[in-house]
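Novice: any chance you could fold what I've pasted below:
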Amino acid sequence: MARENEVVTRNRQAADAGDPTAQFNLGNMYRLGYQVERDVSLAVKWLLLAARQNHAEAASVLRRMAAEGIPIEAPVEAPPPPLGLARPEPDPDPLILPTPPTDPAVLRPEAEAGDPAAQVALGNLLRPTDPRQALRWYAAAAELNDARGQYALGVMHDLGEGVARDDRKAFGWYRKAAAQGLTEAQFNLGNMIRS
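Specialist: The predicted model follows:
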């Protein structure tokens, strides 16, 4: 087994100790496959732990994951309390995760009316079966200056899905989304600059 990267080890130790920022970092690493093998279930576990400690960015990432159709499972059990302390009463799940429509016919009228969130959601639904149509909807949202649409368009160019792979276009779309504060775009942009 390969030795774990020092950054991953440091975040894992702090996350195990209950640090919400480290839990968020570790969740994002698993979500994106950065320095660890991509594992969505571990990503959800660590992000939920961070969100339960009021880590706003973890809650935001979980909402986006749910909107993209990634199942957010039941809350993860908290570790047992230290000896002598009673386990706190469980709080209700702090995340109110919307259930996005899963029927393109429901999203299409809103997307055609120019709703960028519906355009990105429709693109997400179409991406596995029709990446060219997904690309069309992502581009529509991106042209409306929607950061999620810009990011999705960058991913499509980065991976060559529905379009020829083009690092220059991917970089440009990531940069636009990153300038609006979208952390995933900032992360991908940083990786492109670093490599």
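
Novice: flag the helix or strand of this structure with the lowest per-element mean pLDDT.
Specialist: Among the secondary structure pieces of the chain, namely its helices and strands, helix 56-67 has the lowest mean (mean pLDDT, DSSP states H and E), a mean of 81.

Novice: for His55, which non-adjacent residue is closest in space?
Specialist: In space, and not counting its chain neighbours, His55 is closest to Pro20: 4.3 Å by Cβ to Cβ, 6 or more residues apart in numbering. Yep, even glycine has a C-beta here, placed from its N, CA and C like the rest.

Novice: so how many other residues sit close to that neighbour?
Specialist: Neighbour count for Pro20, taken as other Cβ atoms under 10 Å: 19.

Novice: could you measure from it over to Glu57?
Specialist: Using Cβ to Cβ, to the nearest Å, Pro20 is found at 10 Å from Glu57.

Novice: helix/strand/coil for the closest residue to Asp130 other than its chain neighbours?
Specialist: Excluding its sequence neighbours, the residue lying closest to Asp130 (Cβ to Cβ, 6+ apart) is Gly162, at 8.0 Å. Classification of Gly162 using DSSP: H, G, I helix; E, B strand; the rest coil returns coil.

Novice: neighbours of Gly162, how many?
Specialist: Counted with other Cβ under 10 Å, residues neighbouring Gly162 total 20.

Novice: my guess is it meets Ala134, correct?
Specialist: Yes - applying Cβ atoms under 8 Å as the test, Gly162 and Ala134 come out as touching, 6.0 Å apart.

Novice: identify the contacts common to the two.
Specialist: Counting by Cβ atoms under 8 Å, 6 or more residues apart in numbering, the common neighbours of Gly162 and Ala134 are 127, 156.
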